[in-house]
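J.: have a look at this prediction, sequence included:
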Amino acid sequence: MGNERASSQPAATGRVAVLLPYPLHGAFDYLVPAGMALMPGEHVAVPLAGRAVPGVVWDASPGAAPAVAREKLKAVLRKFDIPPMPTAMRRFVDWMAAYTVSAPGAVLRMCLRVNAALEPETARLGLRPASGAPARLTPARERVLRIAADGLARTASELAELADVGPSVVHGLRDCGALDVVPLPLPLPPRPDWQRPGARLEPAQQAAATALAERVRTGGFSVALLDGVTGSGKTEVYFEAVAAALAAGRQALVLLPEIALTAGFLQRFAARFGVAPIAWHSELKTAERRRAWRWVAEGEARVVVGARSALFLPFPKLGLVVVDEEHEHAYKQDDGVAYHARDMAIVRAQLAALPVVLVSATPSLETLVNVDADRYARLHLPERFGGAGLPGVEAIDLRREPPPRGAWLSKRLVEALAATLQANEQALLFLNRRGYAPLTLCRACGHRLQCPNCSAWLVEHRFHGRLMCHHCGYDTRLPAACPACGAEDRFAACGPGVERLLEEVRALFPAARAEVVASDTMAGPEAIAQLVGRVERQEIDVIVGTQMVAKGHHFPRLTLVGVVDGDLGLAGGDLRATERTYQLLHQVAGRAGREARPGRVLLQTYMPEHPVMQALIAGDRDGFVAREKAARRTAGMPPFGRLVALIVSSADEAAAARAARALVAAAPGGPGIVVLGPAPAPLSLLRGRFRFRLLLKTPRQTNASELTRRWLAAGRPPGGVRVQVDVDPYTFL
Ligand code: ADP
Ligand code: ZN
């Protein structure tokens, strides 16, 4: 290639730095062809290894090494007709690369996921009646012409479908000149109407809404935490901040942790602003994705609601970022460029000087510590909307009240279920485990069915009739005989998943309409929206669900929540296990009794005395947070210290172990700096690669990213060994 970026000369001399969406070192230099003017941020196509690839003109980086000789440079091929990437966005890419210890190109790649969007959308062709009459009129042709008579242009297939004829009939009419080919109008971006009246807010809601809207109007960087109990109307409140951004002619971005939550959100948004916002998530079709991307780049997309990847959209006039359910771990991406979308949203807002609103009923410790330090403002909604009370939480001590053999629901929970159904109300049974059973073993020899690529058990999914690995996606049919001893029909399912729980509910209450809701049974936002509708219309009595139904949804007649295994999240015990369990169970509990009918939460646990359970029962969030904060501070753990995880992996176990040891030997030192490991990762084999973990722990004021970058720059891992960096890790598997 010989094109490596090494110059600080401005574009005027006829060369530019172009950042390419690949994990290469820095930007590369290219020549600017005569007659082409290029500004930083512009989207171009350049040659790379014999191919034309997209890139972005990057700002010259001063102090770089001497320039590559001009004769060796290749020229920019073309410039795309699309607004340049905003300066704040380019700084964000650079910042994020430095913080996550990644190549800037790897971050740029997340911003350019839709190459096709670089070209303007070409109009599809449609058909419209022409003046010429067809030579021969059949009944089928007549039907088509009757439909077309309104003069609207339609695609050939639409016409054929409306007229109930085959496509050849329509093509025939086109070929004989009875239908003209015309370009179809392109869809227009939705225009949310902020002047429509919003909900009549209660005084506490109004105070919070006014404060948020004021921040948007003033502009500039600020972070506010909207801290309100479940059902307090946080969404209605931050809608007023969105309205303020729209009124100021700005764009707004609302991040949601999971697409499971977007369906309900889109509806509520439409009720407030007259149209749905633009959605951005992994399930979009290519055409929708490229259109959304371009609308954002052109400033035409006024409000985008999306998963964490929406943070990388090129908003030119962003005026507000909302991070709903800010405490959610779904905001953390662990592979590739490992980042936390909440934290990066704050950085992006800081670089672009705009306000951020973090929203939660159970804010993260990180955020609460920033509130304590007055870095973030806090707006509080202490009560549920409309006078609804918070549900009462009772523990069921499974040591004293065990479920019958082979069952998972204790007597008290079953009785509560019966009473709920009797009262014509709905119940949610929460078990955060997909599938039928987490483990299948052979009763003859004790062999456990395991993933061939990972150190993990295969999970039986009876609905699909498969065994699946939840780590790598491997799936297979349940074998007829044990692969170890050959015994037939001796498999035993161990432990419950939601599918097995459903079986129990159906056996206990044959007349109740019960259903499983989990990510593998709900494909995409439409399926979720449908399900929500069915729950609202009371076509479902008992939801048996994973965390997919734990959050965000508002079901007026849902009055009972049964937590089937409250201890599940505490096993493994990583840094945030208690915090995460508290948040999740609190969210689930918050689904109960959101309107007039009071809610009740039954929490099955073997550890009713555990601080998490105690805090849930007493409704004592502050006490729980204070304990957790003290524990982390004493241990120097985040947010009071910094962690960087390194995962060294290879298909060759010995090579990975050697490389991990070599890294430890070269580890940085200094006051308060500790390197733990190497240790085989709890998930020691993943997708066929053996994994070792190292953990760098530093004081809070240390620039742990820079320290890690220098550490890794000292030596390259041998061939086949990968070192993955995770700054601020959330998973320790
Ligand atoms: P949260 O996000 O705090 O859990 P939501 O925003 O989902 O709460 O509000 C709970 C329910 O109360 C929703 O159905 C919402 O439409 C309704 N609601 C909240 N505030 C108002 C209000 N001021 N007027 C009318 N309905 C409201
Ligand atoms: Zn696997």
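T.: Thanks, I have it. Ligands and ions are numbered 1, 2, ... in the order given.

J.: so V347: helix, strand or coil?
T.: When classified by DSSP: H, G, I helix; E, B strand; the rest coil, V347 comes out as helix.

J.: quick one: contacts for it?
T.: Counting by CB atoms under 8 Å, 6 or more residues apart in numbering, V347 touches F92, W95, M96, Y99. In short, each C-beta sits where N, CA and C put it, glycine included.

J.: next, the third one: phi, psi?
T.: Dihedral angles phi and psi of M96 (degrees, to the nearest 10) take the values phi -70, psi -40.

J.: tell me the pLDDT of it.
T.: M96 is assigned a predicted lDDT (pLDDT) of 97.

J.: which residues touch it?
T.: Shown in contact with M96 (CB under 8 Å, 6+ apart): S102, V107, V337, Y339, M344, V347.

J.: neighbours of the fourth one, how many?
T.: A total of 24 residues lie near Y339 under the criterion other CB atoms under 10 Å.

J.: where's A659, which helix or strand?
T.: Using DSSP states H and E, A659 sits within helix 653-665.

J.: just how off-centre is that helix within its chain?
T.: 33 Å (CA atoms, centre = their mean, to the nearest Å).

J.: list the buried ones in it?
T.: Neighbour counts over helix 653-665 (16 or more other CB atoms under 10 Å) mark E653, A655, A656, A657, R658, A659, A660, A662, L663, V664 as buried.

J.: thought M548 was touching E258?
T.: Yes: using CB atoms under 8 Å, M548 is in contact with E258, at 7.5 Å.

J.: report the rounded mean pLDDT for stretch 308-315.
T.: Mean predicted confidence for stretch 308-315 is 95.

J.: contacts for that stretch?
T.: 83, 85-86, 89, 110-111, 113, 251, 253, 255, 257, 280-282, 292-293, 296-297, 299, 304, 306, 330-331, 333, 341, 344-345, 348.

J.: residues touching the residue nearest the centre of the chain, list them.
T.: Compute the mean C-alpha point of the chain, and by CA atoms, centre = their mean the closest residue is A307, 4.1 Å away. By CB under 8 Å, 6+ apart, the residues touching A307 are L255, L256, P257, E258, I259, W280, H281, S282, A330.

J.: so which of the residues you listed are in strands?
T.: L255, W280 (DSSP state E).

J.: pLDDT-wise, what's the bottom of the contacts of A307?
T.: In this model, the minimum pLDDT among these belongs to I259 (77).

J.: tell me who's in contact with that one.
T.: H281, S282, E283, A307, G524, P525, I528.

J.: ok, 7 Å please
T.: Residues near I259 by CB atoms under 7 Å, 6 or more residues apart in numbering: H281, E283, A307, P525.

J.: roughly how far does it sit from ligand 2?
T.: In this view, I259 and ligand 2 are 24 Å apart by CB to the ion, to the nearest Å.

J.: please apply the same query to P189.
T.: For P189, the distance to ligand 2 - CB to the ion - is 42 Å.

J.: which stretches of the stretch 51-200 of the chain form helices?
T.: Per DSSP state H, counting those that start in this stretch, the stretch 51-200 of the chain carries helices over the ranges 87-100, 104-111, 139-148, 156-163, 167-175.

J.: so what touches the third one?
T.: Spelled out, it's helix 139-148. Residues outside helix 139-148 that contact it (CB under 7 Å, 6+ apart) are 127-129, 134, 159, 162-165, 169-170, 173, 178-179.

J.: return the most buried member of the helices of the stretch 51-200 of the chain.
T.: helix 104-111 (a mean of 22; mean count of other CB atoms under 10 Å).

J.: between M548 and E258, who's got more neighbours?
T.: Using other CB under 10 Å as the criterion, M548 and E258 rank with M548 on top: 23 against 20.

J.: that one reaches V517, doesn't it?
T.: Yes: applying CB atoms under 7 Å as the test, M548 and V517 come out as touching, 5.8 Å apart.

J.: and the angle for the lengthiest strand in the chain with helix 653-665?
T.: The longest strand of the chain (DSSP E) is strand 674-686. Here the directions of strand 674-686 and helix 653-665 differ by 160 degrees (axes from the mean of the first three to the mean of the last three CA atoms, to 10 degrees).

J.: now the helix or strand following strand 674-686 - C-alpha only, CSV.
T.: Using DSSP H and E, the next helix or strand after strand 674-686 towards the C-terminus is strand 689-699. Output of strand 689-699 as CSV, limited to C-alpha atoms (Å, rounded to 0.1, in the frame of the first residue of the first chain):
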residue,chain,number,x,y,z
ARG,A,689,-10.7,-20.3,21.2
PHE,A,690,-9.0,-20.8,24.6
ARG,A,691,-9.3,-17.6,26.7
PHE,A,692,-7.2,-16.2,29.5
ARG,A,693,-8.1,-13.1,31.4
LEU,A,694,-6.0,-10.3,32.8
LEU,A,695,-7.3,-7.4,34.8
LEU,A,696,-5.6,-4.0,35.2
LYS,A,697,-6.8,-2.1,38.2
THR,A,698,-5.8,1.6,38.6
PRO,A,699,-6.7,4.5,40.7
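
J.: the helix holding A659 to strand 689-699, inter-axis angle?
T.: Going by the same axes, to 10 degrees, helix 653-665 makes 10 degrees with strand 689-699.

J.: so what secondary structure elements neighbour helix 653-665?
T.: Counting contacts by 3 or more CB pairs under 7 Å, 6 or more residues apart in numbering; DSSP states H and E, helix 653-665 is packed against strand 641-650, strand 674-686, strand 689-699.

J.: any idea which of those strands is most buried?
T.: Comparing the helices and strands packed on helix 653-665 on average neighbours per residue, with mean count of other CB under 10 Å, the densest one is strand 641-650 at a mean of 24.

J.: list the contacts of the longest strand of the chain.
T.: 454-456, 471-472, 647-648, 660-661, 664, 667, 690-697, 733.

J.: could you give the mean pLDDT of it?
T.: Mean pLDDT, strand 674-686: 91.

J.: ligand 2 is nearest to which of the helices of the stretch 51-200 of the chain?
T.: Across those, ligand 2 has its closest neighbour in helix 104-111 (25.1 Å, CB to the ion).

J.: returning to that earlier point: ok, the contacts of A307 vs ligand 1, which is closest?
T.: Closest to ligand 1 out of these is L256 (11.3 Å), distances taken as CB to the nearest ligand atom.

J.: that older thread, of the contacts of stretch 308-315, select the buried ones using a PyMOL command.
T.: Burial among the contacts of stretch 308-315 is assessed by 16+ other CB under 10 Å; the matching PyMOL selection reads:
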select buried, resi 83+85+86+89+110+111+251+253+255+257+280+281+292+293+296+297+299+304+306+330+331+333+341+344+345+348
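
J.: still on that earlier bit, min pLDDT across the contacts of helix 139-148, which one?
T.: Minimum pLDDT for these is recorded at P134 (67).

J.: tell me where the stretch 151-300 of the chain has strands.
T.: Using DSSP state E, counting those that start in this stretch, the strands of the stretch 151-300 of the chain run over 179-183, 222-228, 251-255, 278-280.

J.: in CSV: the ones you listed, plus distance to V46.
T.: Converted to CSV, those look like this (distance: least, CB to CB, whole Å):
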stretch, distance to V46
strand 179-183, 32
strand 222-228, 38
strand 251-255, 29
strand 278-280, 27
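
J.: tell me which of those strands sits most buried.
T.: Using mean count of other CB under 10 Å, the stretch among those with the largest mean neighbour count is strand 251-255, at a mean of 27.
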